[in-house]
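*Asks:* The following block contains a protein sequence and its predicted model.
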Amino acid sequence: KAGVTQTPRYLIKTRGQQVTLSCSPISGHRSVSWYQQTPGQGLQFLFEYFSETQRNKGNFPGRFSGRQFSNSRSEMNVSTLELGDSALYLCASTRSEGETQYFGPGTRLLVL
Amino acid sequence: AQRVTQPEKLLSVFKGAPVELKCNYSYSGSPELFWYVQYSRQRLQLLLRHISRESIKGFTADLNKGETSFHLKKPFAQEEDSAMYYCASKTGNQFYFGTGTSLTVIP
């Protein structure tokens, strides 16, 4: 069974631009969560989607948004990029509540 | 808000020595607690969860509600245990991660 995949793996953008990251969960998994990982803050929860609905949201500004499609694939969008948005963005999928999270390899975003 | 604290950013132990990675949580209810591990060049993966009360790769973790702690322990560290370890708590569908402890096992 294929694991969680994320595209692209690396991305370089400049301040003010926007970016869209993609996450394909493990087949049969309906929940997708997004995290931002930085050296100083560690892993911070962004949001979680289940059956195309956002169920939980972390403490990030509205520039960070996401969505989930009917096939459970999820996208995350960051608008008006700031230098501080440089991070590794991880997504994780779960079959259902209470089940183990499986993480993707991450997308490393560099904002110049 | 929930908070998970891992006081040690870096921890080095000799092979064969006991190791304890500390984790404290702040939550008045009954959270689910986890330890995740990330080996070099690998994905973050679940190591163990407190509700399973299991031992994985020789690691155990006991939930101490009085001290609000969930420390990870192993009696005899191995070189292959060198990795980044994250403690996490879960309420509903939201996870809260600590900032991680980098464990180095010295041969």
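*Replies:* That came in fine, so what should we check first?
*Asks:* that's a strand at B:I51, yeah?
*Replies:* No - B:I51: not assigned to a strand; according to DSSP: H, G, I helix; E, B strand; the rest coil it is helix.
*Asks:* what are the ranges of the helices in chain A?
*Replies:* Taking DSSP state H, chain A contains no helices at all.
*Asks:* what residues does it put near chain B?
*Replies:* Counting by Cβ under 8 Å from any Cβ of the partner chain, the residues of chain A close to chain B are A:3, A:31, A:33, A:35, A:40-45, A:48, A:50, A:55-56, A:58-59, A:90, A:92, A:97, A:100-106. Where C-beta positions appear, they are placed from N, C-alpha and C, glycine not excepted.
*Asks:* ok, of these, which come out buried?
*Replies:* Among the residues of chain A next to chain B, those buried by neighbour count (16 or more other Cβ atoms under 10 Å in any protein chain shown) are A:31, A:33, A:35, A:42-45, A:48, A:50, A:56, A:58, A:90, A:92, A:101-106.
*Asks:* Please flag which of the residues you listed sit within strands.
*Replies:* A:31, A:33, A:35, A:42-45, A:48, A:50, A:56, A:90, A:92, A:102-103 (DSSP state E).
*Asks:* Spatially, which two of those are the most separated?
*Replies:* A:G42 and A:F50 (24.1 Å; Cβ to Cβ).
*Asks:* can you pull the contacts of A:Q17?
*Replies:* Residues near A:Q17 by Cβ atoms under 8 Å, 6 or more residues apart in numbering or on different chains: A:L81.
*Asks:* pLDDT-wise, which helix or strand of chain B ranks last?
*Replies:* Of all helical and strand segments in chain B, the minimum by mean pLDDT, DSSP states H and E falls on strand B:94-97, at a mean of 85.
*Asks:* Relative to it, what are the paired strands and their orientations?
*Replies:* Paired strands of strand B:94-97, with direction, are strand B:83-91 (antiparallel) (DSSP bridges).
*Asks:* what's the angle from the strand it pairs with to strand A:42-50?
*Replies:* Counting by axes from the mean of the first three to the mean of the last three Cα atoms, to 10 degrees, strand B:83-91 lies at 50 degrees to strand A:42-50.
*Asks:* mean confidence score for strand B:83-91?
*Replies:* The pLDDT scores in strand B:83-91 average 92.
*Asks:* Restrict it to CA atoms and write it as CSV.
*Replies:* Output in CSV follows, covering the C-alpha atoms of strand B:83-91 (Å, rounded to 0.1, in the frame of the first residue of the first chain):
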residue,chain,number,x,y,z
ALA,B,83,16.8,10.0,16.3
MET,B,84,14.5,12.9,16.9
TYR,B,85,11.7,12.1,19.4
TYR,B,86,8.5,14.1,19.7
CYS,B,87,5.9,13.8,22.4
ALA,B,88,2.3,14.6,21.4
SER,B,89,-1.1,14.9,23.0
LYS,B,90,-4.4,14.5,21.3
THR,B,91,-7.8,16.0,22.1
